[in-house]
Structures are given as C-alpha cells and as structure tokens.
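[1] how would this look folded up:
(chains A and B)
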Amino acid sequence: MAVVPSDLTLPATYVRRGRVATYIRRHPTIVLGSGLLAVMVAIAILAPYLGTVDPQALAPAKRLRWPSAEYPLGTDMFGRDVYSRTIYGARVSLAVGISVALLSIGFGMAMGLVAGFSRLVDAIVMRVMDGLMSIPGILIAIALMALNRASLKNVIFAITVAEVPRVTRLVRGVVLTLREQPYVEAAIASGTVTAKILWRHIVPNTLAPVLVQGTFIAASAMITEAILSFIGAGTPPNIPSWGNIMAEGRSVFQVAYYIVLFPGICLSVTVLAINLLGDGLRDALDPRLARRL
Amino acid sequence: MFAYIVRRVLATIPVMVVVAVFVFALLHLSPGDPAAIIAGDSATDADIARIHAKLGLDQPFYVQFATWAWNLLHGDLGISIFTNLPVLKLIGQRIEPTAALTVSTLIVSVLVAIPLGVLAAWKAGTWIDRVVMLFAVLGFSVPVFVLAYVLIYVFAIATKLLPVQGYVPLDEGLRPFLSHLVMPSIALGLVYIALIARITRASMLDVLAQDYIRTAQAKGLRDENVLIGHALRNAAVPIATIIGIGIALLIGGVVVTETVFAIPGLGRLTVDAILRRDYPIIQGIILIFSAVYVLINLLVDLSYAVLDPRIRY
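    Here you go, the predicted structure:
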C-alpha cells in the first residue's frame, strides 16, 4: 500500500533494496502501521497548507452543506468547514495520544523501578495500583474531568492518571525478573550503586516492553479523548478534536451523517495504524510471542 | 481450597478500600474549590456555600472522610446535588437497562469470540487465521460510537430493519426488548470480541502444540472432539481471565453506547451527571462499577478450580 516502488527502477542500490524488501516482508505490520501513521502526522503538521480555512470560521448561511467542490467534506450546523476541522483535529488527537503515552511511561517507569527495588514502596504502590486498576480507566478520566475545567491539558492529565497503573505494573514485573539475573547480582555484589544498576542494567531492558506498551497507550488515549469529548467531558468546544466534531454532529446525524463519518474514519485509521505498529514492534522485539498473539 | 476462597475474598477488601479512598480524595485533590466548579460559572456565593455544606466541605478533612466512609458502609452513597434524591435510589432506577445491555453483550461476545479464536488457532497461518486476526486489530481500532453510527445508518436509517435508538423493558415483550438491544450489543461488543478472540487463539495455539493433542489425533478422534474436548478445555483458564478483565472495556463502552442509543441506564446517568457536575452521582457510579468489576474477577478467579481440576489451592 504505502510501500513506494519508485526506486525499483534504480539498479545501483541492489543490496540495500534487498534489505528493505526483506524488512518489509518480515515486518509488514510495522511498515504499514508506521507508513499510515507518518501520513497522519504529516497531515497534522501541514494542516495550514492543505487547502484548509479557519476551522472555527462560522458561516450561518452555509449550514449543513453536503460535500461538494467548495466544501470537500461539507459543513456542520454552524457552517464550519468539516474538512478543515477534521484536518486540524488530527493535531489535537495525535498530541493527546503522544503526550499521554510519554507521560504515563515516564511516571509509570519511575514508580515501577522504585517499586521493583524497594519492598516497602512495592507493598504500598502496588496496593494503590491494584485499586486504581479495578476502576475502569474511562471512569477515572471522567471523574477527573468532571472536577476540572475543560482544557486540553486536563484531558491529557486525566487520561494519563488512568494509564499509569498498567505501565507501573509492567515495569515492576520486568524489574523483579531482572533483579534475579546473574549480571545484576554480580553488579550488586561488586558494590555498584543502585542508581547505576538501575540506569545501566535495568532501564535498557525495560525499554522494549515499555515501547510496545507505549504504542497501545497512545492508541487507547486517542480513543479515550474522543469518548470524553463525545460525552461532553473532554476537549473544550473551541478546539476541534475528532471527538468534538463527532459530538457536535451527533444531533444532526440523521440529516448529515458525514459530520460524524469523516472524523470517525480518520480516528479509526490512525488508531489502526498505531495498533499495527505496536503489534509489529511486539513481534519484532519479542520473538517468543511473535507467533502467538 | 476453602482457605484459598477466604483469602481471595479478603483480598478484595484492600482493593475496594483504595477505590473508596481514591473516589473520596478526587474531590479534594482537584485544584481550586470543588464546590465552585460543581456550582458552575454562573453560581452565586450562596450557591457555593450551599454545596459546601451539602458535601460537608466546611468540616475538617478527616471528619469528612469518616462520615463519608461510615455512610458508605451503611449503603448510603450521598444525595444528588441536582435532584436532591439519594444516589443509591437514582442508581437503582437505572440498573436494569445497563444490566440487560451488558449481559446481552457478554453472551453475544463470548458466543462469537471463542469459536472465532478456536477457528483461527486450528487454521493457524491460513487466510482464515489472517482474516480473524485482521478483524481483531480492526475491533481494537474502531471506537464504539463510530461503529454505533455506522450500524444505525445501515440497519435503522437506510434499511429500517431495527429501531434507531431507545430501550424497551423485557416485560413489554421479548421481541421489542431484543430488537432494541441488537445494535447496542454489537457496537459495545466489538472490542470485547476482538480481545477474547485474540486470547482464545493464543491460548489454543499453546495447547494444540502439546503431546496429548497429537495422541488424541493419532487415536483417530475427530477434529471437533480434539478441539473442544481436549484443547479448549485446557485453554479455558486464560480465556476466563480475559473475559473478566475485559469487563472494564464493557463498562467504559456502556457510557458511550447508552448515549448514542439513548438507553436510560447507568451510562446515561453518568453523562447527565457530568453535564450537571453532580459529583455524588459520579462517585456512586464509580464505586458501583468498580465493585461489580472486582466481584466478577473474584468469581473468575474462583472458577479456575472448576475449569481446570488440576488447579488445587
């Protein structure tokens, strides 16, 4: 699909082309996923140059126009251009996905590392995480949003709180197995300071599973953002996110389903891309699991 | 065995305590005055003071927690700010549609997902397997409301096969009851089906590689008997686990599904409570949903001994 065959005509880079072809054959999901994702990221970055108009510009006289040459994806009930809103919405949704993934990995990793190395902290932190994990994530986010003013920062914070327990548990699990490894025991026996053991021997080994987890967090965070916005507890209405656009299209769905359709497709494709990338990375980084899941 | 059950039941207590403390602390951890946020932008000082008194925010922190926990232990979830009715009563009124929706989704999902997963594992590596796995990835990627709207458009607006939205209680007839539940259950169940199918396939692949499966095939058993009698039985524990854990997805999805299909259940109550910033209701719903989730996973844990008689505690 996104595999560009243009350099097949260039005979010079025979060896390199062979490698690329092998890589694509071995990891088709990584290539497809990262290709699709790259397209969405490019769309988000280049939003002002893609023939868009101001996504907030109201035109009451041109309400609910069906897709046409002038409005490729039609207009909503305030006459705003759905195409421009959807393109700009990519920025918000991707920003939420990436920020939540980075933040929850940061916090989760810090807590997981400490819990894995200190029995006392472990007992406390893991009880709290067990409790938090028994609250469905979306409800944590809803509760936090209900008490905070709607802003993009609060949305990111609320979803992060819901995602941190899973990362913490993952990292702690990896640390507990690593701690029993001979090379870590050797490092402890030779008097290496704990901080150095963590940084040199433990952290690098947690990166692969955390990276995979991070992609899935980004995907689920984007869906959670859309759900929060959709039920009116998310991104404030003045910022066009995919969830917001769909929420606003809800009331006119029967006469103008395109308002819900296009952002819905964009969100699904982006989340699909990230999930494919995550699946591919997991297979590539953990060959034991590769065939199974 | 009995000792294990007691220990496992007792282990749910600290979990629920953390949930309760979290739900309570939420109100106090949020920056600014929660009463002012609940009251909204157009509130007067008197409104804010009234909410302060109602939520007990004018008392010391530890008194508030003690009162709240004491009431909670007596089944008192507080009073709704907007309607002035007890939260427990409001929740009780809304439980039936949500229970109907989640139970029907659960049944449909398990009946679809396990055969899909078994089929994919049996035909591992073939196009059947690939199609099932592709479906599973898609299931994780399409948000529940997007699928819901596609279903509404296709089955309600374009072909008029099913009602667009709404809920009809069971005592008004089985047919309308079911016809109103078909689309919500499919929309809500998709991600759950994807999850269960994936784990079923993984678990079955593990079991199908075992020697006793080869023995069963060698002695001439038919494929169905090997797959269901020998393989699926032994693959049941991870499948049961994921069915329990996946309930969290259902609970999250219920909020959205009920909004899209205008079902007057707990999810709809949640959304109304958010819009009115009726915090006691949100607290009550989180507690109830979390308790259900913990209880289901407790039952799943206890079911291991039934599913796999080799497990002795």
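[2] Find the closest residue to chain B in chain A.
    A:Gly131 (2.4 Å; CB to the nearest CB). To be clear about C-beta, it is placed using only N, CA and C from the backbone, and glycine gets the same treatment.
[3] mind checking how far that residue is from B:Ile199?
    24 Å (CB to CB, to the nearest Å).
[4] Between those two, point out the one with more neighbours.
    B:Ile199 (25 against 21; other CB atoms under 10 Å in any protein chain shown).
[5] Give the residue spans of chain A that score low on pLDDT.
    Applying pLDDT under 70 to chain A picks out residues A:1-18, A:51, A:57-66, A:68-73, A:79, A:287-293.
[6] Do you have the helices of it handy? List them.
    For chain A, the helices defined by DSSP state H occupy A:14-26, A:28-45, A:82-117, A:119-133, A:137-147, A:152-179, A:182-189, A:194-197, A:203-230, A:242-249, A:258-285, A:287-290.
[7] With the stretch 101-250 of chain B instead?
    B:127-141, B:144-151, B:174-208, B:211-218, B:223-224, B:233-234, B:236-260 (DSSP state H, counting those that start in this stretch).
[8] so which of the ones you listed gets nearest A:Gly173?
    helix B:236-260 (15.7 Å; CB to CB).
[9] Any part of the helix or strand following that closest one near chain A?
    Beyond helix B:236-260 in the direction of the C-terminus, DSSP states H and E gives the next helix or strand as helix B:266-275. Yes: applying CB under 8 Å from any CB of the partner chain, one finds helix B:266-275 in contact with chain A at B:270-271, B:273-275.
[10] Need the buried ones from those selected in ChimeraX.
    Burial among the residues of helix B:266-275 next to chain A is assessed by 16 or more other CB atoms under 10 Å in any protein chain shown; the matching ChimeraX selection reads:
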select /B:270,271,273,274
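[11] Flag the least confident of the residues of helix B:266-275 next to chain A.
    Lowest pLDDT of the residues of helix B:266-275 next to chain A: B:Leu275, 82.
[12] Can you give me every residue that contacts that one?
    Residues near B:Leu275 by CB atoms under 8 Å, 6 or more residues apart in numbering or on different chains: A:Gly232.
[13] before we move on, what about the one 4 residues further on?
    The contact partners of B:Tyr279, taken as CB under 8 Å, 6+ apart, are A:146-147, B:27, B:34, B:38, B:55, B:81, B:273.
[14] wait, the residue of chain A closest to chain B sits on B:Val23?
    No: between A:Gly131 and B:Val23 there is no contact under CB atoms under 8 Å: 10.0 Å.
[15] So which of the helices of the stretch 101-250 of chain B is nearest B:Thr102?
    By CB to CB (comparing all of those), the closest turns out to be helix B:236-260, at 5.5 Å.
[16] hmm, back to that, quickly, which of the helices of the stretch 101-250 of chain B bottoms out on average pLDDT?
    Lowest mean pLDDT of the helices of the stretch 101-250 of chain B: helix B:223-224, a mean of 82.
[17] And for stretch B:4-21, what's in contact with it?
    Stretch B:4-21 is contacted by residues A:127-128, A:130-132, A:134-135, B:65, B:69, B:72, B:286-287, B:290-291, B:294-295, B:298, B:301-302, B:313 when judged by CB under 8 Å, 6+ apart.
[18] burial of A:Arg119, as a residue count?
    Neighbours around A:Arg119, by other CB under 10 Å: 9.
[19] can you check B:Ala43 too?
    16.
[20] list the contacts for it?
    Contacts of B:Ala43 by CB under 8 Å, 6+ apart are B:Ala36.
[21] make it 10 Å
    B:Ala43 sits next to B:35-37, B:49-51 when contact means CB atoms under 10 Å, 6 or more residues apart in numbering or on different chains.
[22] Excluding chain neighbours, what is closest to A:Val167?
    A:Gly108 (2.5 Å; CB to CB, 6 or more residues apart in numbering or on different chains).
[23] how near is the one you found to A:Ile217?
    9 Å.
[24] shared neighbours, the two?
    A:160, A:163-164, A:166-167, A:210.
[25] Need phi/psi at B:Pro86.
    Per-residue torsions, B:Pro86: phi -60, psi 140 (degrees, to the nearest 10).
[26] Burial check on residue 27, number of neighbours?
    Answering for chain A, as no chain was given. The number of residues packed near A:His27 is 18, by other CB under 10 Å.
[27] wrong one, I was asking about chain B
    With other CB under 10 Å as criterion, B:Leu27 counts 22.
[28] what's the closest of the contacts of B:Ala43 to chain A?
    B:Ile37 (6.0 Å).
[29] pLDDT score for that closest one?
    Confidence for B:Ile37, expressed as pLDDT, is 69.
[30] for B:Leu190, what are its contacts?
    B:Leu190 neighbours (CB under 10 Å, 6+ apart): B:105, B:109, B:112, B:135-136, B:138-144, B:147-148, B:151, B:249, B:253.
[31] actually B:Ile288, sorry about that
    B:77, B:87-88, B:91-92, B:95, B:98, B:251, B:266.
[32] Show me the two of those residues that sit farthest apart.
    B:Leu88 and B:Ile251 (18.5 Å).
[33] out of those two, which sits in the more crowded spot?
    B:Ile251 (25 against 15).
[34] From B:Arg201, how far off is that one?
    Counting by CB to CB, the gap from B:Ile251 to B:Arg201 is 25 Å.
[35] Leaving out chain neighbours, which residue sits closest to the residue of the stretch 201-313 of chain B found nearest chain A?
    Residue of the stretch 201-313 of chain B nearest chain A, by CB to the nearest CB: B:Gly252 (3.5 Å). Nearest non-adjacent residue to B:Gly252, counting by CB to CB, 6+ apart: A:Ile138, 3.5 Å away.
[36] my guess is the one you found meets A:Ile159, correct?
    Yes: A:Ile138 is within contact range of A:Ile159, at 9.0 Å (criterion: CB atoms under 10 Å).
[37] who's more crowded, those two?
    A:Ile159 (33 against 28).
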